[in-house]
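>>> Any chance you can model this:
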Amino acid sequence: MAHFKLGWRQLASAMVLVGAVMQAGSLTVPAHDPYFDEFDSVDNSTATPVQCFDKVFPCSHTIVGNLILMIFYGALLGVAAKLIADGAEMLLDIGLPPALIGGLVLPVLGAVPDAAIIVVSGLGGDRVTAQKQLQVGMGTLAGSTIMLLTIPWLGSLLIGRCDIGSDGKARDGVSSSRISLVRQGVTILPDVKNSILFMLVTMLPMFIIQGADWHCMSVPTCNNLSMNANGTLPDQPKYIHYSALVTLIVCGLMLIFYMGYQVYDAKAAERRAKKHSQDVTMRRIAHRFYTMTSRNAFMDPTGGEAGQEGSEGDSLVHRGIQKKYFNAWKVRQPTRPTVNPAGGEPASEDEEGEEKEESRVMLWFKSISLLTIGIAMVCIFSDPMVDVLGALTDDKNDSHIPIPAFYVSFVVTPICSNASELVSSLMFAAKKTRTNISMTYSQLYGAATMNNTLCLAVFMALVYTRELQWVYSAEVFVIILVQLAVGVIGYRETYRIWIGFPVAALYFLSIGMVALLESSLVRWR
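This is a model prediction of the structure:
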């Protein structure tokens, strides 16, 4: 029930944001097709500004206007991602197999926001427009993968840190107040290494398209990307597009295999289901404890209500219930029926304040409602978000940020689409147990695996079907390097705190490395 209430509060907030965005109709944007910087020879001087209230969504041709819209659309996408996550996890309350939900449904639905942004970035307009906006899609793919493997990697290590014993392993729940870079850290379960291996293996298809493009860059005539005289994109060699198709097929096959393995080997999924059950139990315990505390405020010391005679047995019952819930909170285990100290009979549901279990039909309705609304919001607001990110860096606007759209989307869209996953990982790590910290890192490595398979497959499908140019060697090369580095560092049983800082530094180094590879010094594309 807590999930559903939270979801509807988020939905109400989303509606307020939608209304605020739609009031921004006085903003304007020039009507022109966005082009690559090297295609600036195309004359757009005849373009006339179009009022944004003539469009479905508001837009802007200034930095301030686009920043405001980016915040609004980003908040809406963040709410949508949270609704999807809550709706998916609610399926665990229905009683469906944890292996099916945790191993198949949750990973796929978690990748929906990123995949949706990638799709809309390559579908709009003609080929030139799609090619320009696809920078946002690549920024989303690279930023989501690298961000999840670096910043929350360190954050989970700091929050979940425990003292390391003489055996070199972290001691669950034991943490001194003073941080030690060497004597504190976390210890993961052995099966987390399987998640690392899957991440590294599913990264290999990137070398297919990457190898074809490296060969193309070695040929002077192949490396010419100047626009044709008629204002159309030049065609790259056929083998590059065939490489995109092969990469798409291999990513699809790896996705199917990964999903099948997740369902078959359901250890991580069962841990997630168990943690979800414990979280629900703790929320119910907190609610019941608060209810009984409020009730006892009107009880006299003998156990009866103020002004009435009470019985010693009633007082013992209330004290027994409170003690039971307090102990259950400490050990985070489900509570059991309380025995009445006076009569030896189990306490009634009314005495325990037991909530009635919701029917399966109602849970299905709530889950499907949250999933439907969340996915609909992602589909609706991904398109204007991509337009805003493109307009923010478009040099045809009155004012713009003079950097490629890739860098803006690299930072912004992963925060919007993965905020709930980031918060969830940190919350699991805060419990300072080996099981929870293993769940955290499995979730992070699993998200990278989904990007390597589902999201990369979507990107390759756009490149192949729309015959777009592959100009992302620098970005993909950096994704490969970061995953290799994190995989090598993370393939151990104990993570000491000092290890997290070089891992987090990879996020900032990756942005600089992309800029370096695309600069005049290296001239990658």
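
>>> Please report the number of neighbouring residues for Val514.
Using other Cβ atoms under 10 Å, Val514 has 25 other residues around it. Glycine gets a C-beta too; all of them are placed from N, C-alpha and C.

>>> doesn't Leu481 make contact with it?
No: Val514 is beyond contact range of Leu481, at 10.6 Å (criterion: Cβ atoms under 8 Å).

>>> For Ser369, which non-adjacent residue is closest in space?
Gly87 (7.4 Å; Cβ to Cβ, 6 or more residues apart in numbering).

>>> Quick one: residues contacting that neighbour.
The contact partners of Gly87, by Cβ atoms under 8 Å, 6 or more residues apart in numbering, come to Gly7, Leu109, Lys366, Ser367, Ile368, Ser369, Leu370, Leu371, Gly374.

>>> Name the helix or strand for the second one, please.
Which is Leu109. helix 106-110 (DSSP states H and E).

>>> can you list the residues that contact the helix or strand immediately after that helix in the chain?
Downstream of helix 106-110, the first helix or strand assigned by DSSP H and E is helix 112-121. For helix 112-121, contacts defined as Cβ under 8 Å, 6+ apart pick out 77, 80-81, 84, 130, 133-137, 140-141, 144, 375, 378-379, 382-383, 385-386, 409, 413-414, 416-418, 451, 454-455, 458-459, 462.

>>> Mind doing that once more with 6 Å?
81, 133-134, 136-137, 140, 144, 378, 382-383, 386, 413, 417, 454-455, 458-459 (Cβ atoms under 6 Å, 6 or more residues apart in numbering).

>>> same thing with stretch 476-489?
By Cβ under 6 Å, 6+ apart, the surrounding residues in contact with stretch 476-489 are 142, 145-146, 149, 196, 200, 203, 206, 210, 506, 510, 513-514.

>>> Max pairwise distance over those: which two?
Ile196 and Val514 (23.9 Å; Cβ to Cβ).

>>> picking up where we left off before, does the residue nearest to Ser369 sit in a helix, a strand or a coil?
Of the three states, Gly87 takes helix under DSSP: H, G, I helix; E, B strand; the rest coil.

>>> if I look at it, how far off is Phe365?
Counting by Cβ to Cβ, to the nearest Å, the gap from Gly87 to Phe365 is 11 Å.

>>> so what's Gly168 up against?
Contacts of Gly168 by Cβ under 6 Å, 6+ apart are Thr494.

>>> switch the cut-off to 8 Å
By Cβ under 8 Å, 6+ apart, the contact list for Gly168 reads Glu493, Thr494.

>>> switch to numbering from 507
In the new count, where the first residue is 507, that last one comes out as Gly674.

>>> What about the contacts of Gly593, which one has the most neighbours?
Neighbour counts for the contacts of Gly593 peak at Gly880, which has 28 neighbours (criterion: other Cβ under 10 Å).

>>> Just give the nearest non-adjacent residue to it, would you?
Using Cβ to Cβ, 6+ apart, the nearest residue to Gly880 is Leu589, at 3.3 Å.

>>> tell me which element that neighbour falls in.
helix 569-600.

>>> Tell me what angle that helix forms with helix 618-627.
Here the directions of helix 569-600 and helix 618-627 differ by 140 degrees (axes from the mean of the first three to the mean of the last three Cα atoms, to 10 degrees).

>>> How about helix 569-600, which residues are buried there?
The neighbour-count check on helix 569-600 (16 or more other Cβ atoms under 10 Å) flags 569, 571-572, 574-576, 578-599 as buried.
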